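>>> Here's my sequence, what's the structure:
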Amino acid sequence: MNPTNIFAPVSTPAESIFGLSLFVLGVTAAIFAVVFSLLVYSVVKFRKRNDDDGREPPQLYGSNQVELAWTVIPVLIVVALFVATARVIAGIQQAVPSQHAIEVIAIGHQFWWEYRYPGLNVVTANELHVPVSNPDHPTPTFIKLLSADTDHSFWVPRLAGKTDLIPNHPNSTWIDPHETGLYLGQCAQYCGTQHAKMLLRVYVQSRDEFDRWIQEQGQPAFLNDAVSKGRWVFEKTACINCHTVAGTVANGRFGPDLTHLMSRDTLAAGAVANTPENLRLWIENPEAIKPGSLMPSMGLNKQDLEAVTAYLETLR
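Below you'll find the model as predicted:
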């Protein structure tokens, strides 16, 4: 199953939007069928025939019935579409977090996603983990949406509709996935040169797997003496001005938290797989992976580059 298939919703908000889209499609299809049928009928009925005498047929000017029909019917159709749409929007926006709901703060940056779980003391980037929601015991995830710079938009088609992140204007959305798996999306609002590579990855896990992930993410970084040189280089460069590694002096907030970097499947907000080769290239020359990204090239020599890469590979 395509992880971005809008026709296969697995969350209540997405199912509501899907149902609305089918209703709108049905109404517009009926309008098309009626108009097209009348058009074909008119073309066939009133086409020019060989026995026509060339005279213009009788002309009718004004018809109260016709005027009333093409005014009232469109108004009724628009009202029906408006009521159906307003009902779905209200149902999604007025949802209230339950006692068992998970709360997440999603912050859009150029060009990556920051996720904070305020009640669980976890901070991660680009890959959102949530528990599956059993309809008998719902565990929805409510997401507060903030922007650190410009307009962004949070959209995972199979889980919920597009919701914008606007600077200084907090927004929110929620999901309650009914099936485990990986669901993809991306920033759906043009936000700069690397908008297309600001991807979303949502991992829906069983409750046990989610609790285990939370426990692992809550641990400080594993400090390995075998890569002490790489850690020393990392902490002596501008890396610590942007990134955080729990348990070290690195406490930057401008870039992603790297405490458990290697627990993620991708780098650069989903641009490439998280492999040692890609990690080395990302540190050495970010422009090679994501042109226009705000990650600077640190200009490390070969020995320091290898040492920092080895150090970051231990952050699991």
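>>> ok, and the residue lying closest to F46 once chain neighbours are set aside, which helix or strand is that part of?
Counting by C-beta to C-beta, 6 or more residues apart in numbering, F46 lies nearest to P57, which is 7.9 Å off, once chain neighbours are set aside. Just so you know, the C-beta spots here come from the backbone N, C-alpha and C atoms, and that holds for glycine as well. Under DSSP states H and E, no helix or strand contains P57.
>>> Number of residues surrounding P57?
Residues near P57, counting by other C-beta atoms under 10 Å, number 7.
>>> What separation do you get for it and S37?
21 Å (C-beta to C-beta, to the nearest Å).
>>> Poorly predicted segments of the stretch 101-250 of the chain, please.
222-226 (pLDDT under 70).
>>> for it, what spans make up the strands?
Remark: strands assigned in the stretch 101-250 of the chain by DSSP state E, counting those that start in this stretch are 102-109, 112-117, 122-125, 127-131, 141-147, 152-155, 163-165, 171-175, 181-187, 199-205.
>>> looking at these, which is buried most?
strand 152-155 (a mean of 24; mean count of other C-beta atoms under 10 Å).
>>> so what strands line up beside that strand?
strand 163-165 (antiparallel), strand 181-187 (antiparallel) (DSSP bridges).
>>> what residues go with each domain of this protein?
1-40+64-214, 225-312 (automatic domain parsing).
>>> of all those domains, which lies closest to D52?
D52 sits nearest to domain 1-40+64-214 of all those, at 20.1 Å, using C-beta to C-beta.
>>> Give me the distance from that closest one to the chain's centre.
8 Å (C-alpha atoms, centre = their mean, to the nearest Å).
>>> now the strands of the stretch 101-250 of the chain as TSV including distance to A246?
Listed next are the strands of the stretch 101-250 of the chain as TSV, based on distance: least, C-beta to C-beta, whole Å:
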stretch	distance to A246
strand 102-109	18
strand 112-117	13
strand 122-125	9
strand 127-131	17
strand 141-147	22
strand 152-155	26
strand 163-165	26
strand 171-175	27
strand 181-187	26
strand 199-205	21
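>>> which one of those lies closest to N285?
Nearest of the strands of the stretch 101-250 of the chain (C-beta to C-beta): strand 112-117, 17.6 Å.
>>> residues making contact with the closest one?
102-108, 122-128, 148, 198, 200, 214, 255-257, 268-269 (C-beta atoms under 8 Å, 6 or more residues apart in numbering).
>>> Please repeat the previous calculation with a cut-off of 6 Å.
Contact with strand 112-117 is made by V104, I105, A106, I107, V123, T124, A125, N126, L128, P256, A269, as judged by C-beta atoms under 6 Å, 6 or more residues apart in numbering.
>>> now stretch 190-200
By C-beta under 6 Å, 6+ apart, stretch 190-200 touches 110-111, 150, 152, 156, 185-187, 269-271, 290, 292-293.
>>> buried residues in it?
Going by neighbour count (16 or more other C-beta atoms under 10 Å), the buried part of stretch 190-200 is C191, G192, Q194, H195, K197, M198, L199, L200.
>>> and the two most separated of the contacts of stretch 190-200?
V156 and G292 (24.0 Å).
>>> Reformat the domains of the chain as TSV; add distance to R47.
Compiled in TSV, those are given as follows (distance: least, C-beta to C-beta, whole Å):
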stretch	distance to R47
domain 1-40+64-214	11
domain 225-312	57
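>>> so which of the ones you listed gets nearest F46?
Here domain 1-40+64-214 is closest among these (C-beta to C-beta), at 11.2 Å.
>>> what's the closest of the strands of the stretch 101-250 of the chain to T248?
Short answer: strand 122-125, nearest of those by C-beta to C-beta, at 14.4 Å.
>>> helices or strands next to that closest one in the packing?
Helices and strands touching strand 122-125, by 3 or more C-beta pairs under 6 Å, 6 or more residues apart in numbering; DSSP states H and E, are strand 112-117.
>>> Just checking: what are the partner strands of the strand it packs on?
By DSSP bridges, strand 112-117 pairs with strand 102-109 (antiparallel), strand 122-125 (antiparallel).
>>> contact partners of the longest one?
In this case it means strand 102-109. 114-117, 119, 141-148, 152, 165.
>>> can you dump the C-alpha coordinates of that strand into CSV?
What follows is strand 102-109, C-alpha atoms only, in CSV (Å, rounded to 0.1, in the frame of the first residue of the first chain):
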residue,chain,number,x,y,z
ILE,A,102,-0.3,11.7,23.5
GLU,A,103,0.7,15.4,23.1
VAL,A,104,3.4,16.4,20.7
ILE,A,105,4.7,19.8,19.7
ALA,A,106,5.8,19.9,16.0
ILE,A,107,8.0,22.9,15.1
GLY,A,108,8.7,23.6,11.4
HIS,A,109,12.2,24.8,10.5
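>>> circling back to that earlier point, closest one of the buried residues of stretch 190-200 to P9?
Using C-beta to C-beta, the buried residues of stretch 190-200 come closest to P9 at L200, 16.0 Å.
>>> Not counting sequence-adjacent ones, nearest residue to the closest one?
G185 (3.8 Å).
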